[in-house]
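Undergrad: Fold the following.
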Amino acid sequence: MNLSLGVFDIFAYSVPGSLYLALLLFVLDQAGWADLGQIGDLNATLLIVGGILASYLLGHLTYAPRRFLGRRLPQWLHPGPGARQEFLDRYPPAQAMAFVRVDPAVVFAAVEVKAPDSAVEISRLRASGIALRNAGFAFLLAAVVALVELAAGPERGLVGFCVAAFLVGFVGATRAGHELSRWAALKTLEVALWIPDIEATLATMSPAPPQPPPPPPAPTGSP
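TA: Numbers count the residues shown, from 1 in each chain. Predicted coordinates:
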């Protein structure tokens with residue numbers, strides 16, 4: 001499980017963080033605040049370790065703003081129905097089961113305890129989804145920087161192509177990231193369905209589903 005957590009961190013934060021780091025270094029170089037030509041003079045080991053740490057930190061620092069903005073994206077960037085609704089459409093009898101009504105994080109924690117191998121696969125899907133959504137916003141920021149270059153620089157053709165490519169990358173990465181996250185949530189429910197211990201435990205902890213109120217009594221004296 002320690003390996004899976006390391007893989008989660010690498011995919012979810014370090015990979016998109018490296019894109020933010022590359023964009024930051026490009027902006028600093030274009031503004032004259034840093035000279036990328038001097039990077040080759042640094043110690044290779046120090047450069048690699050520093051790049052990994054900087055990417056990891058940038059991935060964490062940009063996660064909260066990305067999540068805040070991601071909740072305000074148009075619906076067409078969120079493909080497919082919700083995982084819970086899709087699961088119930090595939091298996092309607094699960095409507096009355098307890099694990100469908102509780103928080104998905106609780107269900108995933110139960111899967112980690114009862115089926116750790118399946119939890120590793122779910123974690124991989126979750127990490128890939130987070131990485132793609134974070135990378136999508138890196139592409140969006142890169143498109144903004146390219147637009148500034150397009151307005152101020154002489155290279156119109158290449159920069160215009162970069163703007164279009166970054167915008168396409170933003171849309172594709174965002175949609176693919178949401179799709180992978182939906183797959184992870186769907187797989188969590190599918191695994192929980194086949195582990196009776198999860199349903200039995202959650203059924204004793206979760207409240208019963210609300211029942212419709214009884215019909216009002218008929219008025220006295222009515223035929």
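Undergrad: tell me the mean pLDDT over the helix or strand where residue 133 lies?
TA: Following DSSP states H and E, one finds residue 133 within helix 116-152. Average pLDDT, helix 116-152: 91.
Undergrad: Which residue lies nearest the spatial centre of this structure?
TA: residue 130 (2.8 Å; C-alpha atoms, centre = their mean).
Undergrad: coming back round to it: show me what secondary structure element comes after the helix holding residue 133.
TA: Defined by DSSP H and E, the subsequent element after helix 116-152 is helix 156-193.
Undergrad: how about that following helix: buried residues?
TA: 159, 162-163, 166-167, 169-170, 173-193 (16 or more other C-beta atoms under 10 Å). Any C-beta I mention is one placed from the backbone N, CA and C, and that applies to glycine too.
Undergrad: how about low-confidence regions in this protein?
TA: 1-7, 40, 206-223 (pLDDT under 70).
Undergrad: sorry, back to before: show the contacting residues for the residue nearest to the centre of the chain.
TA: Residue 130 is in contact with 11-13, 63, 177, 181, counting by C-beta atoms under 8 Å, 6 or more residues apart in numbering.
Undergrad: And residue 179, by the same measure?
TA: With C-beta under 8 Å, 6+ apart, residue 179 has these contacts: 79-80, 129.
Undergrad: Now do the SS call for residue 73.
TA: Under DSSP: H, G, I helix; E, B strand; the rest coil, the three-state class of residue 73 is coil.
Undergrad: where does it fall, phi/psi-wise?
TA: Residue 73 adopts backbone torsions of phi -80, psi 150, taken as degrees, to the nearest 10.
Undergrad: what number of residues lie near it?
TA: 14 (other C-beta atoms under 10 Å).
Undergrad: My read is that it contacts residue 174, right?
TA: Yes - applying C-beta atoms under 8 Å, one finds residue 73 in contact with residue 174, separated by 7.0 Å.
Undergrad: List the buried residues in the helix holding residue 133.
TA: Those would be 118-120, 122-143, 145-147, 149-150, for helix 116-152 by 16+ other C-beta under 10 Å.
Undergrad: do the same with stretch 75-93
TA: Quick answer for stretch 75-93 (16+ other C-beta under 10 Å): 78, 83, 86-88.
Undergrad: Off-centre distance for stretch 173-186?
TA: Offset of stretch 173-186 from its chain centre (C-alpha atoms, centre = their mean, to the nearest Å): 7 Å.
Undergrad: Kindly format the C-alpha coordinates of it as PDB.
TA: This file holds the C-alpha atoms of stretch 173-186, laid out as PDB (Å, rounded to 0.1, in the frame of the first residue of the first chain):
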ATOM      1  CA  ALA A 173      -7.400  16.600 -20.400                       C
ATOM      2  CA  THR A 174     -10.300  18.000 -18.400                       C
ATOM      3  CA  ARG A 175     -12.900  15.700 -20.000                       C
ATOM      4  CA  ALA A 176     -10.600  12.600 -19.700                       C
ATOM      5  CA  GLY A 177      -9.800  13.400 -16.100                       C
ATOM      6  CA  HIS A 178     -13.500  13.600 -15.200                       C
ATOM      7  CA  GLU A 179     -14.100  10.400 -17.000                       C
ATOM      8  CA  LEU A 180     -11.400   8.500 -15.100                       C
ATOM      9  CA  SER A 181     -12.700   9.900 -11.800                       C
ATOM     10  CA  ARG A 182     -16.200   8.600 -12.700                       C
ATOM     11  CA  TRP A 183     -14.700   5.200 -13.500                       C
ATOM     12  CA  ALA A 184     -13.000   5.100 -10.100                       C
ATOM     13  CA  ALA A 185     -16.200   6.000  -8.300                       C
ATOM     14  CA  LEU A 186     -18.200   3.400 -10.400                       C
END
